[in-house]
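[1] what shape does this take:
(4 chains)
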Number of protein chains: 2
Amino acid sequence: MKSSKIKEIALKFFTIHGYEGASLSQIADHVGMKKQSLYAHFKGKDDLFLQVLQDAKEAEMSSKLQYLRKVDTDNPKADLYGYLQLVIDLFQQSEQLKFWLRMSFFPPVHLAAAINEEVIDIETKIQSVLESKFQAWIDNKAIMKDEALIPTLAFLGVVDSIMLELVYGNDEKRLKDKLNASWTVFWRGISQP
Amino acid sequence: MKSSKIKEIALKFFTIHGYEGASLSQIADHVGMKKQSLYAHFKGKDDLFLQVLQDAKEAEMSSKLQYLRKVDTDNPKADLYGYLQLVIDLFQQSEQLKFWLRMSFFPPVHLAAAINEEVIDIETKIQSVLESKFQAWIDNKAIMKDEALIPTLAFLGVVDSIMLELVYGNDEKRLKDKLNASWTVFWRGISQP
DNA sequence: CCTATATTGACGAACGTTCGTCAGTTATTT
DNA sequence: AAATAACTGACGAACGTTCGTCAATATAGG
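    Residues are numbered from 1 along each chain as shown, chains lettered A, B, ... in the order given. As a prediction, the model looks like this:
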């Protein structure tokens, strides 16, 4: 399918240059066609962008939810660390997560409302699943007794900080160090003494 | 000084729309002049941008270093939490930190090298000062014994996650919750048991 | 099976608009 | 009078978008 190829290239350009900085002629060039031909597949720049956004959202959400579905109530340490690894893998094997991160925090103004809706949607879903997992671990005495919201939000904070490090990107060692540091302190902070 | 006014407006537009999305005519409009008149104060768009960047860098660095200079070896809990509060205050009382964050992670490509140099500079300076503080707290047995790099990077991770929450912006309660959660777990993870 | 008819995808050309920039001129200030 | 800062006017280049057209493919009826 040709429109998949277009979206793939467009994803790269939107990620690197932002919405305003990505031009249809550049995208078309890399696809191997003229910018006018893009209009046979998409109504316009906004339409292309929003479809790329939808794809990225669905990819991220399904990956994360699929992982969380396999998480049981016994191994919080391995499962949480595995989630961080999943995020790192997703980031490095596709541009979709970086695109998603950029657009959720620095959206093009005229599409901010539509984007925000999707961000809220994915965020509440992930948080709610995660919070119930933490509650189960707490009930199971696998981690320290606490309000489930506390470790949930703290963990999401760790995820965010790791993603920022991934965006920054050009220092593999620093990523390992930061992951190790954040994870060590986080786990100490929620595990049974 | 009129060029300060221009930079102030430009900061807002660069922050909201990014480098490519911010136009000189819009900036000039809000200043109250024609875009061509901007050239009496700046060589061009790049020059304006880089001066705004310099100002933002110096403001952030001096604020943070000034705060850290007053930190002694006795009260890690209050001083670290105060640092997080400082970041929040900086974010809310000026756009410079948000601008800085956007440009360090999603720079305009043709200025990425120059921006990255500044980012590296400020980051290594802050980290080095912070690490020596953590070392002093460890020596002083004010926090758990550990390699100083671990709590340092973990703390910088907390700072990053709080800043992301600030960028996201439109939920004061969520900010308080996330700050509380991240801080609680972080402090548990580095304090003496 | 063959022909007529839609449908699709890509194209060159052009649209109006905006972009950043430069040159020359007027106005303001010291 | 000299200098600084704002103005007007114009520039080529690029932007997203629309148009009419042409080739290739898929669909239809006799």
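[2] from here on, contacts and neighbour counts on C-alpha atoms
    Will do.
[3] residues from chain A in reach of chain B?
    Neighbours of chain B within chain A, by CA under 8 Å from any CA of the partner chain: A:16-17, A:20-21, A:102, A:104-106, A:108-109, A:149-151, A:153-155, A:157-158, A:160-162, A:164, A:167-168, A:177-178, A:180-190.
[4] helices and strands around the longest helix along chain A, which ones?
    The longest helix of chain A (DSSP state H) is helix A:112-139. Under the contact criterion of 3 or more CA pairs under 8 Å, 6 or more residues apart in numbering or on different chains; DSSP states H and E, helix A:112-139 touches helix A:45-69, helix A:96-105, helix A:149-168.
[5] contact partners of the second one?
    Pointing back at helix A:96-105 there. A:11-12, A:14-15, A:18, A:53, A:56-57, A:59-60, A:90-91, A:115-116, A:119, A:167, B:106, B:164, B:167-168 (CA atoms under 8 Å, 6 or more residues apart in numbering or on different chains).
[6] separate out the buried members of these.
    Buried by 16 or more other CA atoms under 10 Å in any protein chain shown: A:11-12, A:14-15, A:18, A:53, A:56-57, A:60, A:90-91, A:115, A:119, A:167, B:106, B:164, B:167, out of the contacts of helix A:96-105.
[7] DNA strand D: which of the helices and strands packed on helix A:112-139 is closest?
    DNA strand D sits nearest to helix A:45-69 of all the helices and strands packed on helix A:112-139, at 3.8 Å, using CA to the nearest atom of the strand.
[8] and that closest one with helix A:112-139, angle?
    Here helix A:45-69 points in a direction 0 degrees away from that of helix A:112-139 (axes from the mean of the first three to the mean of the last three CA atoms, to 10 degrees).
[9] now for helix A:45-69, which elements pack on it?
    If contacts are counted by 3+ CA pairs under 8 Å, 6+ apart, helix A:45-69 sits against helix A:2-21, helix A:76-93, helix A:96-105, helix A:112-139.
[10] out of those helices, which one sits most buried?
    helix A:96-105 (a mean of 21; mean count of other CA atoms under 10 Å in any protein chain shown).
[11] what does the model give the spatially most central residue of chain A for pLDDT?
    Centrality entry for chain A: nearest residue to the mean C-alpha point is A:Leu97, 4.2 Å, by CA atoms, centre = their mean. The model reports A:Leu97 with a pLDDT of 97.
[12] please name the nearest non-neighbouring residue to A:Val52.
    Closest residue to A:Val52 apart from its sequence neighbours, by CA to CA, 6 or more residues apart in numbering or on different chains: A:Lys7 at 5.9 Å.
[13] give the contact list for that neighbour.
    A:48, A:51-52.
[14] circling back to that earlier point, and the helices and strands packed on helix A:112-139 as JSON lines, adding distance to B:Lys125?
    JSON lines is the format used below for the helices and strands packed on helix A:112-139 (distance: least, CA to CA, whole Å):
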{"stretch": "helix A:45-69", "distance to B:Lys125": "35"}
{"stretch": "helix A:96-105", "distance to B:Lys125": "26"}
{"stretch": "helix A:149-168", "distance to B:Lys125": "17"}
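[15] please report the distance of the closest residue to A:Asn140 other than its chain neighbours from A:Pro151.
    Nearest non-adjacent residue to A:Asn140, counting by CA to CA, 6+ apart: A:Thr73, 7.0 Å away. Applying CA to CA, to the nearest Å, the value for A:Thr73 to A:Pro151 is 15 Å.
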